[in-house]
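Engineer: what follows is a protein structure lacking sequence information:
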C-alpha cells in the first residue's frame, strides 16, 4: 500500500473535503504495515472499497416556520460500510454540516463500531439546519420533513440512526414518531430514544461515561487514577455532562467547561447542581456557556479557549479539530498527563503529534468516545429482545466494553519502548475485524 499515492488520487476525486481526507489519512498511516503483511487485503481491494461509502443519499428538506415562510435545507445520509452489521451512526443538525464532515464521521464510525465488538456497521447523517433560535413547533416540523425523505432508507436491520450535535431526545422523538407513522411499525430503528418508548438507561450520558472509563484505563497504565486530579472539558452538551458527572464520581475536580462564546472557570469545581445545569444550557438551544457564570458566580472568559486552563486531564468533548497544535503545547507545558477525546477527531493531526512526541496519554475518539454507540448497540439489543435492562446492567456492560477497547489498543499500539500509541492501536484493531469480514464475504 502506497499511502501517498492513495491520498493523492483521493484528493483529486474529492477536492476540498478536508475533514474526510484527514480521517482517511490517519487510518491509512496507522494500518500500512499490517495491511502490507496480509496480501489477502490487497487481493480483495479492501482499501479501495473501504475508503468510499457504499452510498450517499442527498436530499432537500423544505419546511415552514411559525410565520408561514418556507425554508429549504440540505441533508444527507452516508451509508458507509455494513460488513459487520447494519449501518449505525448519528444524525447531526448544525449549520457547519456538509458532505465532507459527514463522510469523515461515517468513516470513523466504521472502526469505532468495530472496536465495540457489537455487530454494527458505519454510517452518518445530518443537515445544515440550525436548531438555535427555533421554536418547538419549527423543530418538530423540520424533523418530520427530514424523516419523510429518509424513512425508506433505514430500518432495524438496515440502518439505525441516533442523535448527535443538535439532535437530542426531543428531536429523536419527533423523527421516530414520523417514522412509526410512515412505516406503520414500532421497531428499534432509532437509538437515543426516550425511556417511555424503547430507550436505554444511561444512553444520554454514555459517551461521556465511556470517555472517562477509557481515560481511567489509560491512567492505570501509569499507576494513576482520576482521584484528586484537575479536569477541564470542552463543550457543555450531553457528552461533556456525562464526562463531568463520571469524572466527579471518580474523585476528580472539573474546573472548566466551554462553548462557542468562550469558557467558564469554576475554581470550586463543577459538581452536583452545577453539572445538572449543563443539561439546562443544552436544552435552550442557544449554544452559549456564559449563563453558567451568572448562575454560579464563576469566571467567564469570552472568546478564550479552555485549553489555557492548567489541568491534569483534558477532555475535548465538543466538535472536530477543536484542539490545535498551540493548544496541545500549552497543555503539555502546564503539566497535563492525559488527553481523551469525547468528540470525533477532536484534535488536529499536529496536536496529536505533540502529544505522541511528549509521550502524553492520548485517547483517540474512535476508541475513547465509543461508549455512546456501544450503548446504542445495547439499546438495539434490548429492543430486539423486547426488554429493558437496569441502569446497573447497562453501566456494567458499557464499562466492560470500554475495557475491552483499551485492551485491543494495548495489543496493537504498544511500541518497543513501552509507550502506548492508542491512535495506531485503535485504527489497527478496528480495521482488522472489518477487513477480515469483507474478505470472508467476497467482493460485493
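Structural biologist: Great, that's in hand. As the structure is a computational prediction, the values presented were derived from the model and not from experiment.
Engineer: for stretch 284-301, what is the average pLDDT?
Structural biologist: For stretch 284-301, the mean pLDDT works out to 93.
Engineer: swap in stretch 216-223?
Structural biologist: 98.
Engineer: show me which positions of that stretch end up buried.
Structural biologist: 216-219 (16 or more other CB atoms under 10 Å). In this view, the C-beta of every residue, glycine as well, is placed from N, C-alpha and C.
Engineer: mind checking which of these are in helices?
Structural biologist: When DSSP state H is applied, the buried residues of stretch 216-223 are split such that 216-219 fall in helices.
Engineer: which phi and psi does residue 49 have?
Structural biologist: Backbone torsions of residue 49, given as degrees, to the nearest 10, read phi -80, psi -30.
Engineer: contacts for the worst-scoring helix or strand of the chain on mean pLDDT, please.
Structural biologist: When the helices and strands of the chain are scored by mean pLDDT, DSSP states H and E, helix 273-283 comes last with a mean of 91. With contact meaning CB atoms under 8 Å, 6 or more residues apart in numbering, helix 273-283 is reached by 168, 236-238, 240-241, 244-245, 248, 254, 257, 259, 266, 270, 288-289, 291-292, 295-296.
Engineer: so residue 397 is in which element?
Structural biologist: helix 391-413 (DSSP states H and E).
Engineer: now do that helix: distance to the chain's middle.
Structural biologist: Helix 391-413 sits 16 Å away from the centroid of its parent chain (CA atoms, centre = their mean, to the nearest Å).
Engineer: same check on stretch 64-77?
Structural biologist: 26 Å.
Engineer: offset the numbering so it begins at 444, please.
Structural biologist: New numbering, starting at 444: the last item is stretch 507-520.
Engineer: picking up where we left off before, helices or strands up against the helix holding residue 840?
Structural biologist: helix 649-663, helix 808-811, helix 814-828, helix 865-884 (3 or more CB pairs under 8 Å, 6 or more residues apart in numbering; DSSP states H and E).
Engineer: nearest residue to residue 661 other than its sequence neighbours?
Structural biologist: Closest residue in space to residue 661, ignoring its immediate chain neighbours: residue 804 at 4.4 Å, by CB to CB, 6 or more residues apart in numbering.
Engineer: how many other residues sit next to that neighbour?
Structural biologist: Number of residues near residue 804 (other CB atoms under 10 Å) recorded here: 21.
Engineer: so what's it up against?
Structural biologist: Listed by CB under 8 Å, 6+ apart, the contact set of residue 804 reads 658, 661-662, 664-665, 780-783, 863, 865.
Engineer: what ranges does this structure have for its strands?
Structural biologist: In the chain, the segments counted as strands under DSSP state E are 498-507, 513-524, 530-536, 565-570, 602-605, 673-676, 696-702, 705-708, 742-745, 756-758, 781-783, 804-806.
Engineer: where does the stretch 694-843 of the chain have low pLDDT?
Structural biologist: The stretch 694-843 of the chain contains no residues with pLDDT under 70.
Engineer: right, and the helices and strands packed on helix 834-856 - which one's nearest residue 518?
Structural biologist: Residue 518 lies closest to helix 814-828 among those, at 20.6 Å (CB to CB).
Engineer: rewinding a little: ok now the least confident helix or strand of the chain, how far from the chain's centre?
Structural biologist: Distance of helix 716-726 from the chain centroid (CA atoms, centre = their mean) equals 20 Å.
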